[in-house]
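Novice: kindly return the folded structure for what I paste below:
(2 chains)
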Amino acid sequence: MLEIKNLSVSYGAIDAVKDISLTVNDGEIVSLIGANGAGKTTTLHTITGLTPAKSGSVMFNGVDLLKTHGNKIVTLGMAHIPEGRHVFTRMSVQENLEMGAFSLKDQSHMASDLNMVFGYFPRLKERRNQLSGTLSGGEQQMLAMGRALMSHPNTILMDEPSMGLSPKLVKEIFAIIRKLHDEGITVLLVEQNAKMALSIADRAYVLETGRITMEGDAQDLLHDEQVRKAYLGA
Amino acid sequence: MGDQIIMFISQIFNGLKIGSVYSLVALGYTMVYGIIRLINFAHGDFIMVGSYVLMLTIPFIIACGLPAWLAVVPAILVCVAVGVIVEKAAYKPVREKGNNMTALITAIAMSLLLENGSQAIFGADYQTVPTIIQIPTLALGGLKIDGATILTVLLGLVIMVALQLFVKYTKQGKAMRAVSEDKEASILMGVNVNSTITLTFAIGSGLAAVASLMYCVSYPQVSPMMGAMLGLKAFVAAVLGGIGSIPGAMVGGLVIGVVESLTKAYIGTITAGVITSAFSDAIVFGILIIVLLVKPSGLMGEPESEKV
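Specialist: Model prediction:
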């Protein structure tokens, strides 16, 4: 379980996240929606230690993440697929996936783990020896997801997985997210594509200029008049 | 005519010998640049540190009945220690607080500190390093190649191949490549970025120590300033090959070495004495400028892509 309480984050004088509280229960898909600059990415970055918090707490299965070194968080079972994919473009597809398993002490299951990822994303198998910088945006998103799966996570933070992808690819990616959910993986999903994000989620939070303004059942939010006007263009 | 060819081949080998030294030092520049985008101007001075360690420890090692070249072990240890201390004490705090320019100035300061520090300890004069190794000269017909030359070139090749394999196939090597490309993503993979940077400095400094052995085998003299010009040429080699590229550093070093050697041997004859071999350094730098005009990213460097 991921439990954020009264978290505030600032960049110098600018408060990016103001006193937010948010919970993700085991096995849930929770979406965090909001406009550009609302603080969604900052929230994820603070959870995985890339950005320091100003105040508040972030507990993950009893461990205080704000006191944990960024590179140790993946060993707790939490993977973070960053906005813009951040694949290692000068490394091959397979090397990227191997980097995903970097945190595992036991590296002997590499071959079977690679096959597990290739099961989700057959396209990556075809391109395993290709430099990942030469992949299309959709393939890079698949690679970033596959790389995260290599660390055997129980919880995955996903930042804008649909960004820049064709509607068909967005559907493919969301089908994979649903599949991961069915296998018991907990997902915290940050999305600008609010419709997709609310359709797939169990619960959701709406972030507006650093504050959570709404929260609740995803289906309810999907049909909420205010949310529809602000985020669904209806 | 035969003599001419023999002379030419000997000059090529001379170039490869000094070029191997440049290559090993260039690797240190290029690896550190690759991972933290810093030109470590103190890197050339690590050769000087290594050479003084050789000078001081060889008599002791010989007295123990061991071969003199084993002095490279303490040289590596000291250079690695100096490299890691410089990174931890000077570069890391500046990197976290300042910008690229402050880090660069700090690197120049570290270089001056090492040069003036050794001058204070050992004096400014040249001192002689005891004979490290004596290998018979290889004679192929009229061609005579110094044993030390062959050994230097071979050792350089072995180290470069080993380094390339390390970076390509080992877990730590992949982590180094990952950190050099994307620090945040590396953290998310569980890579300890700081210890990876430290490892990079350690490897680069260790290679400088090996380079000091290779250098002192052929030119057994040390002085506090010896690292300045060697380091500068190795830096040129790294830029020529494409800074950040490991194969580039190797190729760049060998090219600079051979060009320098051939220039020294032939420039006077070719230009009928108008340009003398005293200009060889200027010619080496001139070549760098021409190559960079044609291919700004260096011989084997990739064009720097804009970070999104």
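
Novice: who in chain A is up against chain B?
Specialist: A:48-50, A:69-72, A:74-75, A:79-80, A:82, A:84, A:86-91, A:95, A:98-100, A:102-103, A:107, A:147, A:151 (CB under 8 Å from any CB of the partner chain). For the C-beta atoms, the positions are set from N, CA and C on the backbone; glycine is no exception.

Novice: tell me who's in contact with the residue nearest the centre of chain A.
Specialist: Chain A has residue A:158 as the residue nearest its centroid, 1.3 Å off, counting by CA atoms, centre = their mean. Contacts for residue A:158 (CB atoms under 8 Å, 6 or more residues apart in numbering or on different chains) come out as A:81, A:145, A:177, A:187, A:188, A:189, A:190.

Novice: quick one: which of those residues is nearest to residue B:229?
Specialist: residue A:81 (48.9 Å; CB to CB).

Novice: could you tell me the phi and psi values at that closest one?
Specialist: phi -100, psi 110 (degrees, to the nearest 10).

Novice: find me the pLDDT at it, would you?
Specialist: For residue A:81, the model assigns a pLDDT of 97.

Novice: show me what contacts it?
Specialist: Contacts of residue A:81 (CB under 8 Å, 6+ apart): A:144, A:145, A:147, A:148, A:156, A:157, A:158, A:159, A:161.

Novice: what distance do you get for the fifth one to residue A:62?
Specialist: It stands for residue A:156. 19 Å (CB to CB, to the nearest Å).

Novice: these two: which is more packed in?
Specialist: Ranked by neighbour count (other CB atoms under 10 Å in any protein chain shown), residue A:156 and residue A:62 place residue A:156 first, with 23 against 8.

Novice: what sits closest to that one if chain neighbours are left out?
Specialist: residue A:79 (4.9 Å; CB to CB, 6 or more residues apart in numbering or on different chains).

Novice: swap in residue B:194?
Specialist: In space, residue B:194 is closest to residue B:92, 7.3 Å off (CB to CB, 6+ apart).

Novice: and the residue in chain A positioned nearest to chain B, how far from residue A:119?
Specialist: Residue of chain A nearest chain B, by CB to the nearest CB: residue A:103 (3.0 Å). Between residue A:103 and residue A:119 the distance is 21 Å, computed by CB to CB.

Novice: same question, residue B:228
Specialist: As defined by CB to CB, residue B:228 lies at a distance of 57 Å from residue A:119.

Novice: neighbour count winner among these two?
Specialist: residue B:228 (18 against 10).

Novice: for that one, list the residues it contacts.
Specialist: Taking CB under 8 Å, 6+ apart as the test, what residue B:228 contacts is B:44, B:45, B:111, B:115.

Novice: from residue B:43, how far out is it?
Specialist: Remark: distance between residue B:228 and residue B:43 (CB to CB) = 11 Å.

Novice: quick one, what contacts residue B:169?
Specialist: Listed by CB under 8 Å, 6+ apart, the contact set of residue B:169 is empty.

Novice: so where do the helices sit in chain B?
Specialist: B:2-36, B:43-63, B:72-85, B:92-97, B:100-122, B:147-169, B:171-181, B:183-189, B:193-218, B:226-241, B:246-270, B:280-294 (DSSP state H).

Novice: neighbouring contacts of stretch B:199-211?
Specialist: With CB under 8 Å, 6+ apart, stretch B:199-211 has contacts from B:21, B:24-25, B:27-29, B:31-32, B:34-35, B:40, B:43, B:46-47, B:49-50, B:53, B:72, B:75-76, B:78-80, B:82-84, B:86-87, B:155, B:159, B:163, B:172, B:176.

Novice: now narrow those residues to whatever sits close to chain A.
Specialist: Applying CB under 8 Å from any CB to those, none is adjacent to chain A.

Novice: just say helix, strand or coil for residue A:5.
Specialist: strand (DSSP: H, G, I helix; E, B strand; the rest coil).

Novice: run through the bridge partners of it.
Specialist: Beta-bridge partners for residue A:5, by DSSP bridges, are residue A:57.

Novice: ok, it to residue A:45 distance?
Specialist: For residue A:5, the distance to residue A:45 - CB to CB - is 18 Å.

Novice: more neighbours, those two?
Specialist: The neighbour comparison of residue A:5 against residue A:45 (other CB under 10 Å) goes to residue A:45, with 23 against 14.

Novice: with adjacent residues omitted, what lies nearest to that one?
Specialist: residue A:51 (4.0 Å).

Novice: backbone phi and psi for that neighbour, please?
Specialist: The phi/psi pair for residue A:51 (degrees, to the nearest 10) reads phi -130, psi 130.

Novice: related to what we said a few turns ago, near chain A, which of the contacts of residue B:228 show up?
Specialist: Checking the contacts of residue B:228 against chain A (CB under 8 Å from any CB), there are no matches.

Novice: take those residues and lay them out in JSON lines including distance to residue A:211 and pLDDT.
Specialist: JSON lines is the format used below for the contacts of residue B:228 (distance: CB to CB, whole Å; pLDDT from 0 to 100):
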{"residue": "B:44", "distance to residue A:211": "54", "pLDDT": "95"}
{"residue": "B:45", "distance to residue A:211": "54", "pLDDT": "97"}
{"residue": "B:111", "distance to residue A:211": "51", "pLDDT": "97"}
{"residue": "B:115", "distance to residue A:211": "57", "pLDDT": "97"}
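
Novice: how about TSV for those, with neighbour count added?
Specialist: Output for those, formatted as TSV (neighbours: other CB atoms under 10 Å in any protein chain shown):
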residue	neighbour count
B:44	27
B:45	28
B:111	21
B:115	21
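
Novice: how much space is there between residue B:232 and chain A?
Specialist: Distance of residue B:232 to chain A, computed by CB to the nearest CB, to the nearest Å: 28 Å.

Novice: and that residue, what does it touch?
Specialist: residue B:44.

Novice: so where's the stretch 101-250 of chain B uncertain?
Specialist: Scanning the stretch 101-250 of chain B for pLDDT under 70 picks out no residues.
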